[in-house]
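Colleague: Have a look; sequence and predicted model below, questions after that.
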Amino acid sequence: MSPTLKSPIEVVILAAGKGTRMYSDIPKVLHRIGGKPMLQHVVDCANTLDAKGVHLVVGFEGQKIRDAFPSPAIHWANQDQQLGTGHAVMQAMPAISDESIVLVLYGDVPLIRSQTLADLIVKTEGGALAVLTVISPDPTGLGRIMRDANGKPVAIIEEKDANPEQKKIKETNSGILAGSARKLRHWIGRLQTNNAQGEYYLTDVIAMAVAEGSEVTTVTVKDPLEVLGVNNRLQLSQLERHYQARKAQELLLSGVTLADPARIDVRGELSCERDVEIDVNVIFEGRVTLGNRVKIGPNVVIRNCRIGDDSVVLANSHLEDVLVADKCAIGPFARLRPGTVLNSGSKIGNFVETKKSKIGAGSKINHLSYIGDATIGKDVNIGAGTITCNYDGVNKFETHIDDGVFIGSNTALVAPVKLGENVTIGAGSTITGDVPKENLGVARGRQRNIEGWKRPTKK
């Protein structure tokens, strides 16, 4: 959602804080919400504004943050001393042109919406300084918006500097603001540390703007959690739930059926076609696409998969980097590992594991089997307990099974091996060599029945 402005937009994201209340060795802004770092949410939102530049100000564990964001499009600035938000913005200003509009965001405020920022930036037309505010039921610890008798904003008073009357004000500062780079550079250069925390408050530029006759405007965000900053694990969990509630609402409004909107986790990008049904406790990670009329059972994890029309994934299954065609059935309790491809109408049953294998149309692996590094043709039936022995401890080997093969239960296929069309393998076989088409392959010891045998007894 890019606002239409004459001036280019430059986004400054503050990410230099220590995050001591997270009690973590991980920089605060790299803690995840919805499967990706909080800072990534903010960067992604900034990128929707078609900004001329995105500037990240880092300090504590700055190299870890740089390593997590290798994009050459990001401009970096260091805040070596933690001297306040005003000081942090100072570090980015040398790389910003006077003709730009500067938008200040925070790496620990991950749920800000593009539309909210677009509405704020539009308010800067004509040289105004625009501030994003929020009505807080409990404003404790937040900067209060001070207004004059005409309702115009004139200053922001921080909690530690506020008197009892000022502390009663419910309208608070989100910290997010936008304005002329030229004016911000001028005001930030005049900031002082004569306050309770001895810091350069970015919020002091509001009073400076008013004193110089510059217009100050506000936009009030409707959802307080949209501008909530994360300072501890409790707040992180609150925003995670709020983020997931947003995703669930989007899915419901797009026509997806959710058994319980409070029990779904989207940790990436989920795209659904028509009449998709999703049961409880399902986790989607990475990029997942669900076709028309797909049904996902409870307690399923799906990561980086595309699932075709009319396919069903039953309870407690785990799919990762898998391509599933139309009308397939998976599970319950199936594990499909990377490189698995299911063609139309194929079936993977309970307690079956696959890896780097192509399963042909109409083929079935119904029970208790492991199929790895295999190419399986059409209409193949693989009996319970069948395994491909594809690894010798050093190298991997492939198994090829042509169309129409029937494999009896408890069979071991020692790769490399090939089974021709319409081969039948007797149950309990260990197949170490190729079986030509139409043949019966049997490889098992001859049965012996010993008469008069007695079970041992305890002495």
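Modeller: Ah, there it is. Residues are numbered from 1 along each chain as shown.
Colleague: Could you say which helix or strand holds Val205?
Modeller: Using DSSP states H and E, Val205 sits within helix 204-211.
Colleague: moving C-terminal of that helix, what's the next helix or strand?
Modeller: Next in sequence after helix 204-211, counting helices and strands by DSSP H and E, comes strand 216-221.
Colleague: Next, the angle from that next one to helix 204-211.
Modeller: Angle between the axes of strand 216-221 and helix 204-211 is 130 degrees (criterion: axes from the mean of the first three to the mean of the last three C-alpha atoms, to 10 degrees).
Colleague: count of residues packed around Pro137?
Modeller: The tally of other residues near Pro137 (other C-beta atoms under 10 Å) stands at 6. All C-beta atoms are positioned from the backbone trio N, CA, C, and that covers glycine.
Colleague: which non-adjacent residue is nearest it?
Modeller: Once flanking residues are discounted, Pro137 sits nearest to Lys170: 7.3 Å by C-beta to C-beta, 6 or more residues apart in numbering.
Colleague: got it, and Arg32?
Modeller: Going by C-beta to C-beta, 6+ apart, Arg32 has Met38 as its nearest residue, at 7.2 Å.
Colleague: Then Ser7?
Modeller: Nearest non-adjacent residue to Ser7 (C-beta to C-beta, 6+ apart): Ile101, at 4.8 Å.
Colleague: The one you found contacts Gly179, correct?
Modeller: Yes: counting by C-beta atoms under 8 Å, Ile101 touches Gly179, with 6.9 Å between them.
Colleague: Overlap of the contact sets of those two?
Modeller: Residues touching both Ile101 and Gly179 by C-beta atoms under 8 Å, 6 or more residues apart in numbering: Thr124.
Colleague: what about Ala88, how many neighbours?
Modeller: Neighbours of Ala88 using other C-beta under 10 Å come to 29.
Colleague: mind checking how far it is from Phe60?
Modeller: 12 Å (C-beta to C-beta, to the nearest Å).
Colleague: Pull up the overlap in contacts between these two.
Modeller: Common neighbours of Ala88 and Phe60 (C-beta under 8 Å, 6+ apart) are Ala16.
Colleague: In this protein, where is pLDDT below threshold?
Modeller: 1-5 (pLDDT under 70).
Colleague: Show the secondary-structure elements that the helix holding Val205 is packed against.
Modeller: Counting contacts by 3 or more C-beta pairs under 8 Å, 6 or more residues apart in numbering; DSSP states H and E, helix 204-211 is packed against strand 129-135, strand 153-157, strand 171-180, helix 181-188, strand 216-221.
Colleague: most packed of the ones you listed?
Modeller: For the helices and strands packed on helix 204-211, the largest average neighbour count (mean count of other C-beta atoms under 10 Å) is found in strand 171-180, namely a mean of 24.
Colleague: Compute the inter-axis angle for that one and strand 153-157.
Modeller: For strand 171-180 against strand 153-157, the angle by the same axes, to 10 degrees is 120 degrees.
Colleague: Which strands or helices does strand 171-180 pack on?
Modeller: Using 3+ C-beta pairs under 8 Å, 6+ apart, strand 171-180 sits against strand 101-106, helix 114-122, strand 129-135, strand 144-147, helix 204-211.
Colleague: who wins for proximity to Glu158 among the ones you listed?
Modeller: Distance to Glu158, taken as C-beta to C-beta, is lowest for strand 144-147 among these, at 8.1 Å.
Colleague: And for Asn316, the neighbour number?
Modeller: Asn316 sits with 17 neighbouring residues when counted by other C-beta under 10 Å.
Colleague: Helix, strand or coil: sort out it for me.
Modeller: Look at Asn316: counting by DSSP: H, G, I helix; E, B strand; the rest coil, its state is coil.
Colleague: Please tell me how far it sits from Asn281.
Modeller: To Asn281, Asn316 is 10 Å away according to C-beta to C-beta.
Colleague: Now do the shared contacts for these two.
Modeller: 298-300.
Colleague: Out of the residues you listed, who's the most crowded?
Modeller: With neighbours taken as other C-beta under 10 Å, the top of the shared contacts of Asn316 and Asn281 is Val300, carrying 24 neighbours.
Colleague: Provide a list of residues in contact with that residue.
Modeller: Counting by C-beta under 8 Å, 6+ apart, Val300 has contacts 279, 281-283, 313-319, 331.
Colleague: Name the nearest residue to Glu159, sequence neighbours excluded.
Modeller: Nearest non-adjacent residue to Glu159, counting by C-beta to C-beta, 6+ apart: Gly141, 5.2 Å away.
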